[in-house]
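Q: What shape does this take:
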Amino acid sequence: SDSDNTSDTGFGSSGGRDSSANWKNKPRNSITRRQKIAFYQWLLANARFPFPTENDRLGRLAIDGISEKKFKYWFANIRCRQFTKHRDGNGEMYFVPNAKFYESCMRLKIAIPYAIPDEIRAMIKRVSRSHGL
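A: Prediction:
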C-alpha cells in the first residue's frame, strides 16, 4: 500500500496527497519556551557577536537535551532574521539586534539590561510598560 512507501519527507508514493502524511499537518519540532528564554538571555549578553562558542554550545546541549543541528539552525536563523550585520573601521564584523529581536524578548518577558536605541524603539510594534517604552 502507499502508506508502506512513506519516505522521511512524509510523502508516500502517491505524491503526498494523503493529508495525514502532509508536512503541513505535522507539528513543528521547535525548541521549548525555557530554551528560548535561555538562548535570548545569552544573545542579550552577546549581541555584538552572537555566535556561541563550543563551550557555550556543549553546555546548552547537555543541559537542554537539544540536538546540535537544531541548536545551530536556531542560532543561524535568529542571526539572519533578528540581527543586522555591520563592519567597523577595521573591517571587523559585529551585529546589532533589530526591533524583532526586542519584540521577541518582550514576548518572552525577558528583562533587557540596557536601553533600547531610539531608532529601534520607534520600530517596535509591541510596546511593553515593563521595559519603559
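
Q: got the end-to-end distance for stretch 94-111?
A: Taking C-alpha to C-alpha, to the nearest Å, stretch 94-111 runs 23 Å from one end to the other.

Q: again, but for stretch 80-94
A: 13 Å.

Q: Could you pull out the helices in this structure for me?
A: Secondary structure of the chain (DSSP state H): helices at 33-45, 54-64, 68-82, 99-107, 118-121.

Q: Distance from the helix or strand of the chain with the lowest mean pLDDT to the middle of the chain?
A: The helix or strand of the chain with the poorest confidence is helix 54-64; it has a mean of 82 (mean pLDDT, DSSP states H and E). Centroid separation for helix 54-64 versus its chain: 16 Å, with C-alpha atoms, centre = their mean, to the nearest Å.

Q: Check stretch 56-76 too.
A: Computed by C-alpha atoms, centre = their mean, the chain-centroid distance of stretch 56-76 equals 11 Å.

Q: Local confidence estimate at the residue positioned nearest the centre of the chain?
A: Nearest to the mean C-alpha position of the chain, by C-alpha atoms, centre = their mean, lies residue 78 at 4.1 Å. Residue 78 is assigned a predicted lDDT (pLDDT) of 97.

Q: got it, and the one 5 residues further on?
A: At residue 83, the predicted lDDT confidence score is 97.

Q: which residues sit in contact with the residue nearest to it when sequence neighbours are not counted?
A: Among residues not flanking residue 83 along the chain, residue 95 sits closest, at 4.3 Å (C-beta to C-beta, 6 or more residues apart in numbering). Yep, even glycine has a C-beta here, placed from its N, CA and C like the rest. Contacts for residue 95 (C-beta atoms under 8 Å, 6 or more residues apart in numbering) come out as 47-50, 79, 83-86.
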